[in-house]
Each structure stands twice: as structure tokens, then as C-alpha cells.
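[1] sequence below, structure please.
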Amino acid sequence: MHHGDLDHVAVVVADLAQGEQTYAKLGFEVLYRERIEEQGVEIVGMRAGDSAIELLAPLSSDSPLRRFLGNQGSKLHHLAYRVADLEAELVRLKSAGVPLIDDKPRRGAHGNRIAFIHPSYSGGTLIELCQPPKR
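    Numbers count the residues shown, from 1 in each chain. As a prediction, the model looks like this:
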């Protein structure tokens with residue numbers, strides 16, 4: 001990742017409105033809201049300095065995110081790091097033997113292209129790589 005900046009910390013929540021209220025009381029402000037049907041998630045991004053806290057709410061009761069959450073009200077899901085060239089980074093990681101969930105980028109929130117490193121590599125922590133859209 002060559003010193004990729006932290007883009008966001010993702011937290012799965014059972015109740016998106018309640019999660020937003022919780023973080024708002026801590027002083028975080030909403031940056032964006034997005035619904036990504038193909039991933040089965042609704043997202044509220046809240047400013048955390050130069051990064052964000054992303055609250056993820058599953059759209060259905062049979063969602064993998066819902067199963068991940070279990071009976072908890074919220075649970076840390078992943079850490080996301082910015083990269084300048086996602087395809088090149090995936091090639092580099094794959095050649096280094098790092099197990100990937102995504103061999104190719106997919107669509108993420110607010111125009112990001114994303115891919116995940118398998119959590120078995122990092123001792124159980126899910127890591128997302130994201131390439132923001134060129135502006």
C-alpha cells in the first residue's frame with residue numbers, strides 16, 4: 001500500500017438512524033449518505049478528521065452483514081486505506097502472496113473503486129483498499 005492513508009473505518013450497525021445519532025452526539029458530522037443495492041448496504045459516512053467513520057446497515061435480514069453483526073447493536077467491520085492505483089496494488093499484493101477477496105476492483109461508496117484483502121492474512125481484520133475517483 002506504500003503508506004496509504006486511512007480512508008475510513010467501517011462499522012456495521014443494526015439501526016442506521018441510532019448509529020448516526022450516537023456518532024453525532026460524539027461530535028461527528030455527516031459527510032455522505034448512500035445506498036448500494038448490489039452490495040445490500042445503506043451507508044452514512046461521518047467526518048473523522050481527514051478520514052471517515054462509515055456506518056453500514058444491511059438492507060435485508062439474510063445479508064452477510066446481518067449475519068456478521070449477529071445480535072450486537074454495532075460491530076467493527078473493516079479498515080480502509082486509500083491507494084493511488086488499485087489495479088497495480090492488487091497485482092503487487094497478489095505477486096507477494098497476499099490472499100485477496102477481490103482480484104478486480106468493484107464499486108464502493110461515493111465513487112470509490114474498492115477491493116478487499118482476505119482477513120486470514122491480517123489475523124482476522126478485514127482490510128479494504130480504495131481508490132477515490134479522479135476529480
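
[2] where in this protein is pLDDT low?
    Applying pLDDT under 70 to the chain flags the ranges 1-3.

[3] tell me where it has helices.
    Taking DSSP state H to define them, one finds helices in the chain at 16-25, 64-69, 86-95.

[4] for the first one, packing partners?
    If I follow you right, that is helix 16-25. strand 41-48, strand 51-58 (3 or more CB pairs under 8 Å, 6 or more residues apart in numbering; DSSP states H and E). (Glycine included, C-beta is placed from N, CA and C.)

[5] can you put the helices of the chain in CSV and add distance to Ile114?
    Shown next, in CSV, are the helices of the chain (distance: least, CB to CB, whole Å):
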stretch, distance to Ile114
helix 16-25, 20
helix 64-69, 15
helix 86-95, 8
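
[6] mind checking which of these is nearest Asp5?
    Between Asp5 and these, the shortest gap by CB to CB is with helix 86-95, which sits at 13.5 Å.
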